[in-house]
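Undergrad: the following block contains a protein sequence and its predicted model.
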Amino acid sequence: MLKPSNLLSFDDVWLEPRYSEIESRANPDLSSKLSSSVTLQHPVIASNMASVVGPFMAETFDDSGSLAFCHRFLSRDQLVFLAQGQKLNYFPYSIGIKEEDLDTAKDIFNILGDKAIVLIDIAHGHSKKMGEFVTKVKNIGYKTVVAGNVATVEGYQFLSNAGADAVRVGVAGGKVCTTKNITGHHIPTLQSVLECALHKNHASIIADGGIATSGDAAKALAAGADFVCLGSVLAPTSDSPSELVNENGVLYKLHYGMSSKTAMDTFFAGKKTHVAPEGTTIKMPYTGETADVLKEFISGIKSALTYTGVDNIKDFQENAILRFKNRI
């Protein structure tokens, strides 16, 4: 079956500058609601990738008023240990959908209660097992359950109806994701966000995949996302867990997808032979201090709001105009 439609990516549109009475680019309030009980100070979330988030990244994002989710291949014992020693505002962590993951979710909630924010993370979130698992985790008592990933309105509403408070929207859009090449499945993240936002209910939308600049983030927010997930922007910065390597005077860090061969070898010792790798590993030139990169990225989003003449994300979503490039 062929389903005809235009598929818009971040490179296909610009934001139209509009009349503004905002006196300073520092004025916009970027706070955004993740769930009914959690509001973050800005809409940038660090992607739960092993080459992106570690303790330093988590601390930097906590200081900034947002979240950095640790990856889902930490063991139950590791997560419990971290939860017991947790000193940050929230404890954002990731799990899969196995039975032991449910036990982990119960353990973490018993330790931290409402400070625990769980991301249920699988590659194809629009599935029966995922829906059932989201409901089980929500029934533990969690007030903030994030789930994903999905690419369609049906997928978004499916997870929202199952109990998710926020849904990660975007499939195969990341810099180190090769799902579209291996499986042929992909919808550009901007298109997915646009469609899901038209049918949004209570669940927040987190745009995930392909966001390389603050301009991309602004376009995602204008399209209806409440948050954006960053991976490749943060991977080559100071606080990522990857080793800083000096190669002939050039500093770089490795960045790899969580379904890549690197991840499989690291977390499964090469035993996951029944699954085709859907990610790659790349060298990324070192870009400096994470806090500086994040501050500049957030400032770019604030500037975007002023170009539309608004000072908060809700008004940005209502007033921003996306225009096709090179079209009449």
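TA: It's in.

Undergrad: strands along the protein, start to end?
TA: All strands of the chain, identified by DSSP state E, fall at 13-15, 32-33, 39-40, 44-46, 91-95, 116-121, 145-150, 166-169, 204-208, 227-230, 245-247, 250-256, 281-285, 322-324.

Undergrad: just give me the neighbour total for the closest residue to residue 297 other than its chain neighbours.
TA: What sits nearest to residue 297 in space, not counting adjacent residues and going by Cβ to Cβ, 6 or more residues apart in numbering, is residue 214, at 4.9 Å. In short, each C-beta sits where N, CA and C put it, glycine included. Using other Cβ atoms under 10 Å, residue 214 is surrounded by 20 other residues.

Undergrad: ok, now residue 143?
TA: 15.

Undergrad: just give me the neighbour total for the residue nearest to it when sequence neighbours are not counted.
TA: What sits nearest to residue 143 in space, not counting adjacent residues and going by Cβ to Cβ, 6+ apart, is residue 37, at 4.4 Å. Using other Cβ under 10 Å, residue 37 has 12 neighbouring residues.

Undergrad: centre-most residue in this protein?
TA: Nearest to the mean C-alpha position of the chain, by Cα atoms, centre = their mean, lies residue 229 at 2.8 Å.

Undergrad: now do the contacts for that one.
TA: 45-47, 168, 170, 206-209, 211 (Cβ atoms under 8 Å, 6 or more residues apart in numbering).

Undergrad: once you drop chain neighbours, what's closest to it?
TA: Computed as Cβ to Cβ, 6+ apart, the closest residue to residue 229 that is not its neighbour in sequence is residue 208, at 4.0 Å.

Undergrad: before we move on, what about residue 126?
TA: residue 155 is the one closest to residue 126 (Cβ to Cβ, 6+ apart), at 3.6 Å.

Undergrad: you'd agree that neighbour is up against residue 125?
TA: Yes. Taking contacts as Cβ atoms under 8 Å, residue 155 lies within contact range of residue 125: 6.3 Å.

Undergrad: looking at these two, which one has more neighbours?
TA: Ranked by neighbour count (other Cβ under 10 Å), residue 155 and residue 125 place residue 125 first, with 26 against 23.

Undergrad: what's the spacing between that one and residue 64?
TA: 27 Å (Cβ to Cβ, to the nearest Å).

Undergrad: what of residue 314?
TA: 21 Å.

Undergrad: who has more neighbours, these two?
TA: Using other Cβ under 10 Å, the more surrounded residue of residue 314 and residue 64 is residue 64, with 19 against 13.

Undergrad: nearest residue to that one in space, ignoring adjacent ones along the chain?
TA: Closest to residue 64 by Cβ to Cβ, 6+ apart is residue 294, at 6.1 Å.

Undergrad: for residue 290, what are its contacts?
TA: 56-57, 60, 234, 237-240.

Undergrad: just the helices from this protein, written as ranges.
TA: 55-64, 76-84, 99-112, 128-140, 153-162, 179-183, 189-198, 214-223, 261-268, 290-308, 313-319 (DSSP state H).

Undergrad: mean pLDDT lowest for which of the ones you listed?
TA: Among the helices of the chain, helix 261-268 carries the lowest mean pLDDT, at a mean of 78.

Undergrad: just checking, the residue nearest to residue 297 touches residue 302?
TA: No. Contact criterion Cβ under 8 Å: residue 214 and residue 302 do not qualify, at 9.0 Å.

Undergrad: before we move on, the earlier item: overlap of the contact sets of residue 155 and residue 125?
TA: residue 167.

Undergrad: distance check, the residue nearest to residue 200 when sequence neighbours are not counted against residue 201.
TA: Nearest non-adjacent residue to residue 200, counting by Cβ to Cβ, 6+ apart: residue 224, 6.6 Å away. For residue 224, the distance to residue 201 equals 12 Å [Cβ to Cβ].

Undergrad: pull the contacting residues for the residue lying closest to residue 213 once chain neighbours are set aside.
TA: Of all residues not flanking residue 213 in the chain, residue 300 sits nearest, at 7.4 Å (Cβ to Cβ, 6+ apart). Neighbouring residues of residue 300 by Cβ under 8 Å, 6+ apart: 213-215, 217-218.

Undergrad: taking those, please make a ChimeraX selection of just the buried ones.
TA: Buried residues among the contacts of residue 300 (16 or more other Cβ atoms under 10 Å), as a ChimeraX selection:
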select :214,215,217,218
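
Undergrad: export the helices of the chain to CSV and append columns for distance to residue 27.
TA: Listed next are the helices of the chain as CSV, based on distance: least, Cβ to Cβ, whole Å:
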stretch, distance to residue 27
helix 55-64, 18
helix 76-84, 37
helix 99-112, 35
helix 128-140, 37
helix 153-162, 32
helix 179-183, 39
helix 189-198, 25
helix 214-223, 16
helix 261-268, 41
helix 290-308, 7
helix 313-319, 12
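
Undergrad: and of these, who's closest to residue 29?
TA: Across the helices of the chain, residue 29 has its closest neighbour in helix 313-319 (8.0 Å, Cβ to Cβ).
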